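S.K.: Provided below for reference: sequence and predicted model.
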Amino acid sequence: MKPYTALAPAYDHILSHVDYDQWYRYLRSIMFQYMEYPEWILELGCGTGRFGAMFSRDDLPIYGMDRSIEMLKVAKGRAYGNFHIFCADMADFRLARPFDFIFSVHDTMNYFLTYTSLRKVLRAVRRSMHQGSIFMFDITTEYNIRRYFAGRVTRYRTRGTSIRWSNSYDEERRIVRSLLEFRHNDGTVSAEEHLQRIYTVEEMKGLLERERFRVMDIFGDYTFSAPCDDTVMINFITRRA
């Protein structure tokens, strides 16, 4: 089963510990720090639409894009006012107009397992920017995977479904494998495999330079401080070069 298929209805429950309000405030602060009057906002990998609903609530027009129809079905319940959603692949999309602020968070970029696929994403993003646009994204770190995920099994139960989430990490290939197994009340069983690749800051900077992006800042863990050895998420703030 494709990633985020059976997971979609349970996604918000599994991430119920996440402080989306604080996360949203950080996104807003980044946006207004680097541009004065953002009018068009785009989230890549919008998932269930938590951020889109918050931007819309604050009267900021936002478009949310995701490849998973199942996740967008959940997001549809939040897509009202200034929040609009559509289905597209981050590695191959074209939009009718450029956007002012584009962001992609929660390790979405780690799902692209090769330099080639990641460069396709960057090219598609660059096509959707003007000279003053900001593209912000994060990547998860090897520290995060080793400390909190590798070899761990977590269990959840929601809406009559039992979920087993197991993680492994191939250190040589730097590939994270997450297997989610779903046991439903009607006796059916399904599973999803999620693969992600760990990238270093230097690797990402090299890819950005090759695709003609200028790195404005690199922060750690949704702060305004530089990443350190125990950083969980690295935040890149970029413009078109």
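M.R.: Noted; the coordinates are in hand.
S.K.: any idea which helix is longest in the chain?
M.R.: Assignment by DSSP state H gives helix 20-34 as the longest helix of the chain.
S.K.: what's the single longest strand in this structure?
M.R.: strand 129-140 (DSSP state E).
S.K.: the inter-axis angle of the longest helix of the chain versus strand 129-140?
M.R.: Interaxial angle, helix 20-34 versus strand 129-140 (axes from the mean of the first three to the mean of the last three CA atoms, to 10 degrees): 140 degrees.
S.K.: before we move on, back to that, following the longest strand of the chain, which helix or strand shows up next?
M.R.: Tracing the chain past strand 129-140, the next element assigned as helix or strand by DSSP states H and E is helix 142-148.
S.K.: coming back round to it: what is the longest helix of the chain packed up against?
M.R.: Helix 20-34 sits against helix 50-57, strand 99-104, strand 129-140, strand 233-240, with contacts defined as 3 or more CB pairs under 8 Å, 6 or more residues apart in numbering; DSSP states H and E. For the C-beta atoms, the positions are set from N, CA and C on the backbone; glycine is no exception.
S.K.: what's that helix in contact with?
M.R.: Residues from elsewhere that reach helix 20-34 (CB atoms under 8 Å, 6 or more residues apart in numbering): 38, 41, 50-51, 54-55, 58, 101, 103, 105, 134, 136, 216, 222, 235, 237.
S.K.: before we move on, back to that, report all helices and strands that the longest strand of the chain contacts.
M.R.: Using 3+ CB pairs under 8 Å, 6+ apart: strand 129-140 touches helix 20-34, strand 99-104, strand 233-240.
S.K.: give me that answer again for 10 Å
M.R.: Here strand 129-140 touches helix 20-34, strand 41-44, strand 99-104, helix 115-127, strand 189-197, helix 201-210, strand 213-220, strand 233-240, going by 3 or more CB pairs under 10 Å, 6 or more residues apart in numbering; DSSP states H and E.
S.K.: can you give me the mean pLDDT across the last one?
M.R.: So that's strand 233-240. Summarised as a single mean, pLDDT over strand 233-240 is 98.
S.K.: That one pairs with which strands, parallel or anti?
M.R.: strand 129-140 (antiparallel), strand 213-220 (antiparallel) (DSSP bridges).
S.K.: how about these in CSV, adding distance to residue 45 and mean neighbour count?
M.R.: Below are the strands paired with strand 233-240 laid out as CSV (distance: least, CB to CB, whole Å; neighbours: other CB atoms under 10 Å):
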stretch, distance to residue 45, mean neighbour count
strand 129-140, 9, 20
strand 213-220, 18, 16
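S.K.: Redo those as TSV? Include distance to residue 113 and mean pLDDT.
M.R.: Output for those, formatted as TSV (distance: least, CB to CB, whole Å; pLDDT from 0 to 100):
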stretch	distance to residue 113	mean pLDDT
strand 129-140	13	98
strand 213-220	20	98
